[in-house]
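K.L.:
structure for this input, please:
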Amino acid sequence: MARAAAFFDLDKTVLATSASLALSGPLVRSGLISRMDIARSAQAQLAYHLLDASHERSERMKEALAEMVTGWSVAEFDAVVADALATEIEPVVFREALDAMSAHHAAGHDVVIVSASAEAIVRPIMHLLGADGMIASRLAIEDGRYTGEISEYNYGPAKPLAMAEMAERRGWDLAQCWAYSDSVTDEPLLRAVGHPVTVNPDRALARIAREEGWEIRIFRRPVPLGTRSGSSALVTVLVVAAVALTVWVVRRARRR
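P.N.:
Model prediction:
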């Protein structure tokens, strides 16, 4: 049994984007969401993706996504995610993240994916990456459909609590463990281990990393992109989202 683990944040740490944003195209094509749904959630998604992932932005994204999944068929959503792994997720995995995971496995460490995204998204990605476990948010289900309630939101301070519980079950010493993240919202996750590593850190996290002497790594090489099916739908999603973000930035600037 491994005596230590490496905990990897998912969005913008293992992936070059957010998993939810990467799955937008397949969800539109499946009919689970419309372009209007994308427009409503675009502001939260793009602000999180392009700007520092503050608590306020993450909460807005949580609320938008929880509202969006209400009534979805669990089986249909699982099928969309499974079909999209090769075309939408695998091409945006950082090569450096895969190398780091391989190095930890070679050293006898377990690898755990830690994300605020739903288990239905994180679990197949965990298997794709060859990780040994995951910590993710849980969505309430009734009669095979999502109710829109989030029964367990794995965000911010909730992450180290879940990590401590998993470490106790598996016999890890967190002081001997590693954690990787890009966002200042994951400061609690990074402080929970003996070896914190910041990856492409946002401005606030970069400042903390310099003050604390934490390791800073730059990941910039996603896995080479093959032919991606249905790319036009995803382009439409991104254009709509970019427009929404621009409007939000202009309005914010005027208020200031």
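K.L.:
per-residue confidence at Ala39?
P.N.:
On the pLDDT scale, Ala39 is placed at 63.
K.L.:
pLDDT weak spots in the stretch 1-150 of the chain?
P.N.:
Scanning the stretch 1-150 of the chain for pLDDT under 70 picks out 1, 36-62, 64-65.
K.L.:
how about the helices in it?
P.N.:
19-22, 24-30, 35-50, 55-69, 74-84, 95-106, 119-129 (DSSP state H, counting those that start in this stretch).
K.L.:
if the residue lying closest to Gly133 once chain neighbours are set aside is in a bridge, with which residues?
P.N.:
Distance criterion Cβ to Cβ, 6 or more residues apart in numbering; nearest residue to Gly133, sequence neighbours excluded, is Val112 at 4.5 Å. (C-beta placed from N, C-alpha, C; glycine too.) Beta-bridge pairing for Val112 (DSSP bridges): Phe7, Gly133.
K.L.:
wait, what's in contact with Val112?
P.N.:
Residues near Val112 by Cβ atoms under 8 Å, 6 or more residues apart in numbering: Ala5, Ala6, Phe7, Phe8, Ala131, Asp132, Gly133, Met134, Ile135, Met163, Met166.
K.L.:
kindly give a single PyMOL line that selects the buried subset of the residues you listed.
P.N.:
The following PyMOL line selects those of the contacts of Val112 that are buried, judged by 16 or more other Cβ atoms under 10 Å:
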select buried, resi 5+6+7+8+131+132+134+135+163+166
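K.L.:
which one among the contacts of Val112 gets closest to His195?
P.N.:
Ala6 (8.3 Å; Cβ to Cβ).
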